[in-house]
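Enquirer: take this sequence and fold it.
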Amino acid sequence: MKKRSRRIKRNIRWDRLAVIMFVLTGAAYLACSLFLRSYNNNLSAKKQVIESQIAALETQNAAIKVDINTLSTSERVMRMTESSGLKMDQNNIITIYTGNSGD
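Expert: Numbering: from 1, shown residues only. All right, here's what the predicted structure looks like:
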């Protein structure tokens, strides 16, 4: 007598599989959308902080440019020499131009 090996056939129920996949997909979508929304909010807050820092630095740069222009004028040098009791001799003055003026 031979023993018969029986194979149990399992019927795959496609409707249950479809419902399980739908639920898993919906949960994954919900988790991803919540994560991305919070990540987007964090990035937006960081962007605003960086933009405010840029604006502050631009204001400082403008103020420093004004200071440089007032410190480099010849009138300032003239005031300093006159207050010290010095006299300017035009023969001893050498003017150096910086930058490209097309010469």
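Enquirer: contacts for the helix or strand of the chain with the lowest mean pLDDT, please.
Expert: Within the chain, no helix or strand scores below helix 74-84, which has a mean of 79 by mean pLDDT, DSSP states H and E. For helix 74-84, the surrounding residues in contact (CB atoms under 8 Å, 6 or more residues apart in numbering) are 70, 87-88. The C-beta positions use only the backbone N, C-alpha and C, and glycine is treated the same way.
Enquirer: swap the cut-off to 7 Å and go again
Expert: Outside helix 74-84, the residues within contact range by CB atoms under 7 Å, 6 or more residues apart in numbering are 70, 88.
Enquirer: equivalent analysis for stretch 88-98, please.
Expert: If you take CB under 7 Å, 6+ apart as the criterion, stretch 88-98 is touched by 78, 81.
Enquirer: what mean pLDDT does whichever helix in the chain runs longest get?
Expert: Longest helix of the chain, by residue count under DSSP state H: helix 14-71. For helix 14-71, mean pLDDT rounds to 92.
Enquirer: pull the distance from that helix to the chain's centre.
Expert: Between the centre of helix 14-71 and the centre of its chain there are 10 Å (CA atoms, centre = their mean, to the nearest Å).
Enquirer: angle of it against helix 74-84?
Expert: Calculated by axes from the mean of the first three to the mean of the last three CA atoms, to 10 degrees, helix 14-71 forms an angle of 50 degrees with helix 74-84.
Enquirer: kindly export the least confident helix or strand of the chain (C-alpha atoms) in CSV.
Expert: Output in CSV follows, covering the C-alpha atoms of helix 74-84 (Å, rounded to 0.1, in the frame of the first residue of the first chain):
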residue,chain,number,x,y,z
SER,A,74,39.8,113.8,2.3
GLU,A,75,37.8,116.3,4.3
ARG,A,76,38.2,114.0,7.3
VAL,A,77,41.9,113.9,6.9
MET,A,78,42.0,117.7,6.6
ARG,A,79,40.0,118.1,9.8
MET,A,80,42.4,115.8,11.6
THR,A,81,45.5,117.6,10.4
GLU,A,82,44.1,121.0,11.2
SER,A,83,43.1,120.0,14.7
SER,A,84,46.6,118.7,15.3
